[in-house]
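With the sequence up front, the predicted model follows.
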Amino acid sequence: MRVFTNRLLAMLLLLSIVITCLVACNNDTPDVTDAGTEAPTDAPKHEHIDYVEKVKLDMSSDTLKQEVSVKFFIDGDTTHFNVPVSVDKTGVMKARYLAVNTPESTGKIEEWGKTASNFTKEKLSSAVSILVESDDNTWNFDGNGRHLVWIWYKPAEGAEYRNLNIELLQNGLAVGSGAASGRYGESAVAAIAQATTEKLYIFSDDLDPSFPYGEATSVTLKELRTNIESYAGQKVSFEGIVTCNSDWTAYVEAYDAETDMYYGVQVFYGYNSTLINPLAQGNRVRIVGVVNQHNGTYQVSGLFYKPMEPNNPANTAKLDSGHTPAFKETTAADFVGNKTIMVGEEEKTFKYADLAMSTSISMKDLVVTDIRTTTAETSDDKGAMTLICKVGDITISVRTEVLKDADKNLVTADYFRDRTIDVKGIVDYYDFENTGNGTYQIRVYTLADITVH
C-alpha cells in the first residue's frame, strides 16, 4: 500500500510539471516578475555609434587651421581664444561653434544651458591641445563679428583630436544650427538623430537639476542689469557673488567675459535674520526675488528662504563660499563716461556707472576737495560723510558709512581734508526724491577700504 501511494504521488507530481510547462509554453505574456526573465521584443536593439570618433581631422585639407588657447569661456557654443594677430588683429578670436546651438546660459537661462556650458569648459580645460578650423578656405564670421569655426581638442598626449561640435550634438547638449550644410554635416545630422533616439539631456523628459523651475524667470546678472526696466515687478532668479552685506542689503555681482564687465544688483532681504548667513560676504548664491525701484534705482526684494527645503526652486540658496569682491580698477574718465556693448543681437550704449551699478570697483588718486558730513541727531547716518573728489577736472563723489578707527573712535572730516585717496567700494546711485537727477557715487563701508596718501 505504501509503495502504491508513493508511485501515485510521483505520477501526480510529474503530471503537474508537464501541465505547468505546457501552460508556460503557450502563454503569450512572459512572467516578468522573475528577476532573471527579460521580456522578448521584436524591435531591433539600438547600436550606439561614436560619431566623434568617426570624424577625423585632416591636416592636409584646404581649410584654415590654428592652434589656440582659451582666453574666456562664454557658454556652451561660444569661446574666446588667444590667437596670433595674423588671425585677428586683436589677438582674440571670438569663436562661435559651427552646426550647434546650445541652450542659453548668458542671458535668460534655459534648461540644460549650464550643463552644456560646463561640458565645453571641462573638455577644453583639460585638453593638451586645442585647434580651430574654418569650414572652407577662409575665416568666416556671423552677424556679430564672431568667427564661425569647428573646434578640435586633444584630450591627452598621443590621442587623436576630437570634434567638440559633434560631441555636443552627440551628447544631446545642443540642437542643430545649419548642421546639414557644414563640412561635417553628415556626421552632425547623424549625431543629432542618435541623441534624439537615446533621449539625452535636451531630448529627454528629465528635469535639469541645475535649473530653478518655478514662476521665476532665470536670468544672468548681465541680462538683468542691461534690461532691468523690462523686469520691473517680475520675479527673477540669478546667481552671483555677495560682495557686501550692510543694513539688511546684500550686493551681488557676476562677471561677464564677453564684455569684460561685472554686473550687479542690490538685494534687500528686509530684517529676515535667517538670510544673514547665506548672504554673507564671499558666498556664491542663487537669489529668487522681485525687481522693484528704490531711491531712484532698482533692487531685488521679497526673498524666500526655508533652510529645510534646499531643493525648493523658490528658495534663495548659498551655493559655495570663499570668494572675494572684484573691486575692478576703474578710471574716473570711465566712471563718468559711456560704454557700448552687445546685448543679445543688438549694440547698446549705457552710462558706465549705470552699467556697473551695485558692483565692486576701485579708483586711485582722488583729491578730496570738499566734505559734507551728516550731522542730524535723528539720522542713523550721523557722522557719515560724502567726500567730493577731483581727478583732473572730473568730479567723483565718495559716500562713506560712519567710519571708526582701530580704537573705535569716530573718523571725522579732518582725516581726509585736502588729502589724496584710493578707494574700494560699491557703485551706488542716490536720488532720494526720485527726481531723475541723482548722483552716481562710490559707496565705501569700512575705513580699511580707503588708502590715504
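Noted; the coordinates are in hand. Residues are numbered from 1 along each chain as shown.

And the nearest residue to residue 256 once chain neighbours are set aside, its phi and psi?
Using Cβ to Cβ, 6 or more residues apart in numbering and skipping residues adjacent in sequence, the residue nearest residue 256 is residue 222, 4.5 Å away. Quick note: C-beta positions are derived from backbone N, CA and C, even for glycine. Backbone torsions of residue 222, given as degrees, to the nearest 10, read phi -60, psi -50.

What is the neighbour count of residue 222?
23 (other Cβ atoms under 10 Å).

ok, it - contacts?
Applying Cβ atoms under 8 Å, 6 or more residues apart in numbering to residue 222 gives the contacts 106-107, 254, 256, 259, 261, 263.

Report the two of those residues separated the most.
Spatial extent of the contacts of residue 222 (Cβ to Cβ) is set by the pair 107 and 261 at 14.3 Å.

between these two, who's got more neighbours?
A count of neighbours by other Cβ under 10 Å puts residue 261 above the other of residue 107 and residue 261, at 23 against 17.

Let me know whether that one touches residue 339 as I believe.
Yes: if you go by Cβ atoms under 8 Å, residue 261 and residue 339 touch, sitting 7.5 Å apart.

overlap in contacts of the two?
residue 355.

What separation do you get for the residue nearest to residue 256 and residue 62?
Per Cβ to Cβ, to the nearest Å, residue 222 is found 39 Å from residue 62.

Residue 175 now?
29 Å.

neighbour-wise, which of the two wins?
Between residue 175 and residue 62, counted using other Cβ under 10 Å, residue 175 has the larger neighbour count: 18 against 9.

For the residue lying closest to the more buried one once chain neighbours are set aside, the count of nearby residues, please.
In this structure, residue 175 finds its nearest non-sequential neighbour in residue 101, 5.3 Å apart by Cβ to Cβ, 6+ apart. Per other Cβ under 10 Å, the neighbour tally for residue 101 reads 18.

now swap in the one 4 residues further on and tell me
Neighbour count of residue 105, defined by other Cβ under 10 Å: 23.

Pretty sure it sits in a helix.
No: membership of residue 105 in a helix is not supported by DSSP: H, G, I helix; E, B strand; the rest coil, which gives coil.

didn't it look like it was pressed against residue 75?
Yes: between residue 105 and residue 75 there is a contact at 4.6 Å, judged by Cβ under 8 Å.

Alpha carbons of stretch 322-335, in PDB - could you do that?
Extracted in PDB, the C-alpha atoms of stretch 322-335 (Å, rounded to 0.1, in the frame of the first residue of the first chain):
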ATOM      1  CA  GLY A 322      35.400  81.700  -0.200                       C
ATOM      2  CA  HIS A 323      35.000  84.300  -2.900                       C
ATOM      3  CA  THR A 324      36.300  87.900  -2.800                       C
ATOM      4  CA  PRO A 325      34.900  91.100  -4.300                       C
ATOM      5  CA  ALA A 326      36.300  92.000  -7.700                       C
ATOM      6  CA  PHE A 327      37.000  95.700  -7.000                       C
ATOM      7  CA  LYS A 328      37.500  96.200 -10.700                       C
ATOM      8  CA  GLU A 329      40.000  99.000 -11.200                       C
ATOM      9  CA  THR A 330      38.200 101.900 -12.900                       C
ATOM     10  CA  THR A 331      39.400 105.300 -14.000                       C
ATOM     11  CA  ALA A 332      37.400 108.500 -13.300                       C
ATOM     12  CA  ALA A 333      37.000 109.000 -17.100                       C
ATOM     13  CA  ASP A 334      35.500 105.600 -17.500                       C
ATOM     14  CA  PHE A 335      33.200 106.100 -14.500                       C
END
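
And the pLDDT at residue 43?
Residue 43 carries a pLDDT score of 41 in this model.

Show me what counts as buried in stretch 198-207.
Within stretch 198-207, the residues that count as buried by 16 or more other Cβ atoms under 10 Å are 200-203.

try stretch 186-202
For stretch 186-202, by 16+ other Cβ under 10 Å, it's 187-192, 194-195, 200-202.

now, among those, which is nearest to residue 230?
residue 202 (26.3 Å).

Is it correct that the closest one falls within a helix?
Yes: assigned with three-state DSSP, residue 202 falls within a helix.

check contacts around it.
Contacts of residue 202 (Cβ under 8 Å, 6+ apart): 103, 111-112, 172-175.

Make TSV from the residues you listed and add pLDDT and distance to residue 131 to it.
As requested, the contacts of residue 202 are exported to TSV (pLDDT from 0 to 100; distance: Cβ to Cβ, whole Å):
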residue	pLDDT	distance to residue 131
103	95	26
111	93	31
112	95	27
172	97	25
173	97	21
174	96	20
175	95	25
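
Just the buried residues from these, in ChimeraX please.
Typed into ChimeraX, the next command selects the buried ones out of those (criterion: 16+ other Cβ under 10 Å):
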select :103,111,112,172,173,174,175
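
Restricted to strands, list the contacts of residue 202.
Of the positions in those, residue 175 sit in strands, assigned by DSSP state E.

coming back round to it: now do the shared contacts for residue 105 and residue 75.
113, 116-117.

Separate out the buried members of those residues.
Members of these classed as buried by 16+ other Cβ under 10 Å are 113, 116-117.

which residue sits closest to residue 313 in space, ignoring its chain neighbours?
Nearest non-adjacent residue to residue 313 (Cβ to Cβ, 6+ apart): residue 214, at 3.8 Å.

quick one, phi/psi of that neighbour?
According to degrees, to the nearest 10, residue 214 has phi 140, psi -170.

I'd assumed residue 314 was in contact with it.
Yes: Residue 214 is in contact with residue 314 according to Cβ under 8 Å; the separation is 5.4 Å.
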